[in-house]
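**Q** Structure of the sequence below:
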Amino acid sequence: MGKINETVRTVNSAMRTLLFAVLVAGAGVAGWQGYSLYNEPQKKLAEKEQELETVRQDLARQQQQVETLTSDLLAKTEQLERTETSLRLLKLKHRIARIHVIDQQPIPDTNRVMTTVEFFEVNNEGVPIDERRKKFEIEGDRVYVECLVAKFEDKYIEAADLDRATAICLFQRIFGEYQQPQDGFPLDQVGSSPTSYERGGKTSEFEQRIWDDFWEFAGNREKAAEIGIRAAHADAPSTRVKKGVTYQLELRATGEFTLVPLAEGS
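**A** Next comes the predicted model:
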């Protein structure tokens, strides 16, 4: 009987050990499955996030490339526009005036003539800006137009600067070869508003400052350089004139004057 009981206890112990082993194994399997079920989506999510980050970085690089190309394109476009503007300004007749010789009559007991002229400004199409023409009688057949001109540094013309893209001038007075300049007939007045300027008819504060201190700028290179003036001086283009002929006085953007006869009908 004792041996039977011992055998039963041995069997029971073995069963309990086996059952415990089965339970532990089941728990391990369940735990691994649970871990796998939880970890696998997380792993896939991390992989997708990494792929997404890679795509974002690629897009950022491409966007940077696009911005760089756009910036380069804008810079080149701006440079092209400035170059085109500079070329146009170099050819621009900034102020245009005409001198029409109405009559020439000999002066008794002399070898001179009295020349009657009209002075008026025109736009780029040759149309008079003001219908009121100024008429003058000048002794002699050589006519002078004295001008005050301010010329700016080339860099401002090339950059199409708003105030300094073209030379500016005042037609100060007109006189003949037998007159002193101070005895000439006045044209523009300092502070007037020349209407043939491309920027419009109103004198800007910048221009007014130049006319107010013109001779100071002309005689002080350092002061002139502070506002971009490379030269400020008087000029007096002249020509011998004939009755019935019209002459055109032009100021280019860079400050050069021309005074030439026009063809008939111009």
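
**Q** make it CA atoms for all contacts and neighbour counts henceforth
**A** Will do.

**Q** Could you list the domains of this protein?
**A** 1-91, 93-261 (automatic domain parsing).

**Q** Show me what whatever helix or strand D103 lives in pairs with in its sheet, parallel or antiparallel.
**A** Using DSSP states H and E, D103 falls within strand 93-106. As defined by DSSP bridges, the strand partners of strand 93-106 come to strand 113-121 (antiparallel), strand 246-252 (antiparallel).

**Q** and the first one, average pLDDT?
**A** In other words, strand 113-121. The average pLDDT within strand 113-121 is 94.

**Q** next one: the shortest one
**A** If you average the pLDDT over strand 246-252, you get 92.

**Q** So which elements touch the following helix or strand past that strand?
**A** Next along the chain after strand 246-252, taking DSSP H and E as the criterion, comes strand 257-261. If contacts are counted by 3 or more Cα pairs under 8 Å, 6 or more residues apart in numbering; DSSP states H and E, strand 257-261 sits against strand 238-240, strand 246-252.

**Q** Adding distance to Q104 and mean neighbour count as columns, could you present these in a markdown table?
**A** Shown next, in a markdown table, are those (distance: least, Cα to Cα, whole Å; neighbours: other Cα atoms under 10 Å):
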| stretch | distance to Q104 | mean neighbour count |
| --- | --- | --- |
| strand 238-240 | 12 | 16 |
| strand 246-252 | 13 | 20 |
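
**Q** Nearest to E222, out of those?
**A** strand 246-252 (24.7 Å; Cα to Cα).

**Q** centre of the chain versus that closest one, how much separation?
**A** Relative to the chain's own centre, strand 246-252 is displaced by 28 Å; criterion: Cα atoms, centre = their mean, to the nearest Å.

**Q** do stretch 110-125 as well
**A** Centre-to-centre, stretch 110-125 and its host chain are 38 Å apart (Cα atoms, centre = their mean).

**Q** distance between the ends of it?
**A** Using Cα to Cα, to the nearest Å, the end-to-end distance of stretch 110-125 comes to 41 Å.

**Q** in that stretch, what's buried?
**A** For stretch 110-125, a neighbour-count test (16 or more other Cα atoms under 10 Å) marks V113, M114, T115, T116, V117, E118, F119, F120, E121, V122, N123 as buried.

**Q** for the chain, which spans come out with low pLDDT?
**A** Low-confidence segments of the chain, defined by pLDDT under 70: 1-39, 78-94, 157, 160, 189-203, 265-266.

**Q** all helices for it, in order.
**A** With DSSP state H, the ranges of helices along the chain come out as 2-91, 154-158, 205-212, 214-219, 221-226.

**Q** Test my guess that P261 contacts L249.
**A** No - at 9.1 Å, P261 does not count as touching L249 under the criterion of Cα atoms under 8 Å.

**Q** Go ahead and confirm P186 touches I174.
**A** Yes - P186 lies in contact with I174 (Cα under 8 Å); the separation is 6.6 Å.

**Q** re the thing from before, right, and the helices and strands packed on strand 257-261 - which one's nearest W215?
**A** strand 246-252 (20.0 Å).

**Q** what's next to the strand holding D103, contact-wise?
**A** Strand 93-106 is contacted from outside by 112-124, 166-169, 196-198, 241-253, using Cα atoms under 8 Å, 6 or more residues apart in numbering.

**Q** so how far is R98 from N123?
**A** Distance from N123 to R98, by Cα to Cα: 11 Å.

**Q** Next, the angle from the strand holding D103 to strand 257-261.
**A** If you take axes from the mean of the first three to the mean of the last three Cα atoms, to 10 degrees, strand 93-106 sits at 50 degrees to strand 257-261.

**Q** Just the buried residues of strand 93-106, please?
**A** By neighbour count on 16+ other Cα under 10 Å, the buried set for strand 93-106 is K93, H94, R95, I96, A97, R98, I99, H100, V101, I102, D103, Q104.

**Q** Tell me the one among these nearest to K151.
**A** Distance to K151 across the buried residues of strand 93-106 (Cα to Cα) is lowest for H94, with 12.0 Å.
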